[in-house]
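Enquirer: this one's structure only:
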């Protein structure tokens with residue numbers, strides 16, 4: 001829709017038609033204290049050349065030339081240039097919601113192909129047209145399980161992305177869904193014994209992530225067995241979609257909630273991204289969002305329509321499954337193009353590169369820091385525990401144009417100085433070596449400082465003239481003099497002592513204070 005400015009004559013004619021003389025008369029019903037009688041405090045308008053210059057200056061503030069080891073749900077993968085070329089076409093870029101199938105066949109077909117490829121990738125039977133992102137997809141999948149089972153409570157793995165867990169907690173606040181958490185073991189995987197004890201007769205589902213927040217691949221089959229044995233559903237969240245290029249999809253899950261950002265969607269300061277829900281066909285009527293289906297027209301030609309849309313705008317509110325009122329059609333198209341360009345073989349090769357580079361990086365870091373959760377398979381993320389605060393290490397890495405791993409102390413304080421590192425196909429071996437070298441330098445510095453401190457304490461302990469330590473200062477100062485062998489110093493402060501008498505200390509202000517404290 002174009003913006004059509006109105007001339008002064010147009011405005012006068014419009015005011016006259018409603019019986020008013022001025023714009024002030026139009027707003028007269030609003031009390032004067034609530035009316036703004038001055039210009040807005042906003043920057044002046046810019047000429048086109050000034051706008052171009054402004055954004056060029058802003059672009060120079062970006063981190064160009066930096067390599068990032070950050071992952072944790074947002075991954076820096078290569079984006080084929082064809083993606084932007086195709087999504088910029090007006091048919092897609094400015095397309096409206098495809099309510100009218102007869103004029104929306106292109107958009108509907110792209111969504112249908114998206115759903116089809118997601119099903120092939122996840123091993124599920126049906127997938128929706130996309131959700132907002134991975135975190136909301138997880139929350140919606142949990143609410144879907146609650147509707148399907150008629151139960152209310154949810155068991156959540158503590159190895160789920162902490163921000164996904166926060167989104168779920170927000171959804172659950174007014175849904176009457178009690179949440180409980182299950183911890184992880186020394187291998188980073190879900191504690192199955194604790195899970196067994198956490199599921200009750202009111203548990204609707206178990207929500208896990210695989211690969212989990214630490215990059216560890218969960219034993220989905222074993223977890224599914226535990227959940228299903230108690231009549232609960234299993235919801236698997238996938239934050240790193242590229243992992244499905246080499247890892248067996250969690251077919252034993254009842255619902256899969258996925259973030260598809262890795263498939264050609266730019267990081268974009270956190271969004272917009274593309275969430276996905278995939279499930280069994282028997283659960284389709286409780287699936288939120290839209291579903292595009294294939295049909296034929298009167299002439300028998302293939303066509304596409306919105307087959308299912310269980311949202312408030314289309315059906316009775318009490319029957320609606322979600323207030324999600326749209327799908328990320330343009331972002332889903334990026335994902336579509338990415339999967340089409342790479343194909344089955346290309347996606348597997350991409351996943352192998354991620355796996356190989358992460359294995360190399362983990363081996364380099366393990367020689368210097370402590371590699372946590374090393375007894376279970378991982379994909380492209382790993383956790384390193386260092387002696388020094390990871391924030392300090394990251395500050396030094398920035399000097400080498402490297403963004404280090406994500407410190408975990410905020411989410412998992414019990415892990416201490418641990419950080420989450422990620423490698424993708426964009427991470428080069430030389431950058432890995434540089435980062436590992438700086439971590440090694442940090443460890444050497446900490447060890448050196450500890451060794452110096454230990455030597456100083458040993459020397460101070462062996463020396464006769466060492467200054468008393470803090471604990472010694474709290475003891476009787478006469479005993480300190482005795483231990484230090486300062487007989488001469490104490491004798492010099494004695495008065496009137498003969499050869500056969502024990503030295504008597506002068507009542508100094510310090511001794512008087514000591515005596516008073518003892519009496520008190």
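Expert: Thanks, I have it. Computed from a prediction, not measured in an experiment: that's the story for all the values here.
Enquirer: what's the spacing between residue 456 and residue 388?
Expert: 20 Å (C-beta to C-beta, to the nearest Å). Bear in mind the C-beta positions are built from the backbone N, C-alpha and C, glycine included.
Enquirer: the more surrounded of those two?
Expert: Counting neighbours by other C-beta atoms under 10 Å for residue 456 and for residue 388 shows that residue 388 has the greater number, 17 against 11.
Enquirer: how close does the more buried one sit to residue 245?
Expert: 35 Å.
Enquirer: Can you mark which positions in stretch 65-80 are buried?
Expert: Buried residues in stretch 65-80, counting neighbours by 16 or more other C-beta atoms under 10 Å, are found at 67-77, 79.
Enquirer: repeat for stretch 368-386
Expert: Applying 16+ other C-beta under 10 Å to stretch 368-386 flags 368-373, 376, 378-386 as buried.
Enquirer: Show the end-to-end separation of that stretch, please.
Expert: 8 Å (C-alpha to C-alpha, to the nearest Å).
Enquirer: average pLDDT across that stretch?
Expert: Averaged across stretch 368-386, the pLDDT comes to 94.
Enquirer: Kindly report the same for stretch 146-153.
Expert: 96.
Enquirer: Could you check how far it is from the centre of its chain?
Expert: 27 Å (C-alpha atoms, centre = their mean, to the nearest Å).
Enquirer: again, but for stretch 61-78
Expert: Worked out by C-alpha atoms, centre = their mean, stretch 61-78 lies 14 Å from the chain centre.
Enquirer: State the distance spanning the first to the last residue of it.
Expert: First-to-last residue span, stretch 61-78, C-alpha to C-alpha: 22 Å.
Enquirer: contact partners of that stretch?
Expert: Contacts with stretch 61-78, where a contact means C-beta atoms under 8 Å, 6 or more residues apart in numbering, come from 134, 161, 163-164, 213, 215, 239-240, 242, 259, 261-264, 267, 270, 350, 380-381, 401-406, 420-428, 431, 435.
Enquirer: Residue 38: which of the buried residues of stretch 65-80 is nearest?
Expert: For the buried residues of stretch 65-80, the residue nearest residue 38 by C-beta to C-beta is residue 74; the value is 42.4 Å.
Enquirer: For the one helix or strand residue 9 maps to, buried residues please.
Expert: Assigned by DSSP states H and E, residue 9 belongs to helix 8-17. Buried positions in helix 8-17, judged by neighbour count with 16+ other C-beta under 10 Å: none.
Enquirer: And the next helix or strand past it?
Expert: helix 23-26.
Enquirer: List the contacts of that following helix.
Expert: Against helix 23-26 from outside (C-beta under 8 Å, 6+ apart): 11, 15, 18, 20.
Enquirer: Tell me which of those residues has the lowest pLDDT.
Expert: Scoring the contacts of helix 23-26 by pLDDT puts residue 11 last, at 89.
Enquirer: what's the burial count for the residue lying closest to that one once chain neighbours are set aside?
Expert: Closest residue to residue 11 apart from its sequence neighbours, by C-beta to C-beta, 6 or more residues apart in numbering: residue 23 at 7.4 Å. When neighbours are counted by other C-beta under 10 Å, residue 23 registers 11.
Enquirer: related to what we said a few turns ago, closest to residue 341 out of the buried residues of stretch 368-386?
Expert: residue 380 (20.1 Å).
Enquirer: I'd assumed residue 245 was in contact with that closest one.
Expert: No. Using C-beta atoms under 8 Å, residue 380 is not in contact with residue 245, being 10.8 Å away.
Enquirer: roughly how far out does the longest helix seen in the chain sit from the chain middle?
Expert: For the chain, the helix that runs over the most residues, judged by DSSP state H, is helix 329-366. Centroid displacement of helix 329-366 relative to its chain, using C-alpha atoms, centre = their mean, is 19 Å.
Enquirer: Stretch 367-375 now?
Expert: 22 Å.
Enquirer: distance between the ends of it?
Expert: 16 Å.
Enquirer: now swap in stretch 406-413 and tell me
Expert: Termini of stretch 406-413 sit 13 Å apart (C-alpha to C-alpha).
Enquirer: Can you give me the neighbour number for residue 400?
Expert: Neighbours around residue 400, by other C-beta under 10 Å: 14.
Enquirer: The one 3 residues further on too?
Expert: For residue 403, the neighbour count with other C-beta under 10 Å is 16.
Enquirer: Now do the buried residues in stretch 355-372.
Expert: Result for stretch 355-372 [16+ other C-beta under 10 Å]: buried residues 355, 357-358, 360-362, 364-365, 368-372.
Enquirer: now, which of the residues you listed sits nearest residue 278?
Expert: Closest to residue 278, out of all of these and judged by C-beta to C-beta, is residue 355, at 23.3 Å.
Enquirer: Look up the pLDDT of the closest one for me, please.
Expert: With respect to pLDDT, residue 355 has a value of 96.
Enquirer: cool, the one 4 residues further on as well?
Expert: If you check residue 359, the pLDDT there is 96.
Enquirer: what do you get for residue 90?
Expert: On the pLDDT scale, residue 90 gets 86.
Enquirer: go on, residue 471?
Expert: 46.
Enquirer: ok, now residue 518?
Expert: On the pLDDT scale, residue 518 gets 46.
Enquirer: tell me which residues of stretch 394-404 are tucked away?
Expert: Those would be 394, 397, 402-404, for stretch 394-404 by 16+ other C-beta under 10 Å.
Enquirer: Greatest separation within these: which pair is it?
Expert: Between all members of those, the farthest pair (by C-beta to C-beta) comes out as 394 and 402, at 8.6 Å.
Enquirer: thinking again about what came up before, now the buried residues of stretch 394-404 in TSV, with secondary structure and pLDDT?
Expert: Formatted as TSV, those follow (DSSP: H, G, I helix; E, B strand; the rest coil; pLDDT from 0 to 100):
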residue	secondary structure	pLDDT
394	helix	96
397	helix	96
402	strand	95
403	strand	95
404	coil	96
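Enquirer: Show me which of those residues is closest to residue 86.
Expert: So of these, ranked by how close each gets to residue 86 (C-beta to C-beta), first place is residue 403, at 30.0 Å.
Enquirer: in the sheet, who's paired with the closest one?
Expert: residue 68 (DSSP bridges).
Enquirer: Serialize the contacts of helix 23-26 to CSV and add fields for distance to residue 116.
Expert: Listed next are the contacts of helix 23-26 as CSV, based on distance: C-beta to C-beta, whole Å:
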residue, distance to residue 116
11, 53
15, 56
18, 54
20, 57
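Enquirer: Pick the one among the residues you listed closest to residue 153.
Expert: Distances from residue 153 to the contacts of helix 23-26, taken by C-beta to C-beta, are shortest for residue 18, at 58.0 Å.
Enquirer: and stretch 251-263, how far out from the chain's middle?
Expert: Worked out by C-alpha atoms, centre = their mean, stretch 251-263 lies 16 Å from the chain centre.
Enquirer: Between the two ends of that stretch, how far is it?
Expert: First residue to last in stretch 251-263 (C-alpha to C-alpha) measures 21 Å.
Enquirer: Just the buried residues of that stretch, please?
Expert: In stretch 251-263, counting by 16+ other C-beta under 10 Å, buried: 252-263.
Enquirer: quick one: which of the residues you listed sit in strands?
Expert: Among the buried residues of stretch 251-263, the members falling in strands are 255-259 (criterion: DSSP state E).
Enquirer: Which of these sits closest to residue 281?
Expert: Nearest to residue 281 among these, with distances taken as C-beta to C-beta, is residue 255, at 12.4 Å.
Enquirer: List the residues that contact that closest one.
Expert: 141, 144-145, 205, 233-236, 277-279, 283.
Enquirer: Can you tell me which of the residues you listed are buried?
Expert: By 16+ other C-beta under 10 Å, the contacts of residue 255 give 141, 144-145, 205, 233-236, 277-279, 283 as buried.
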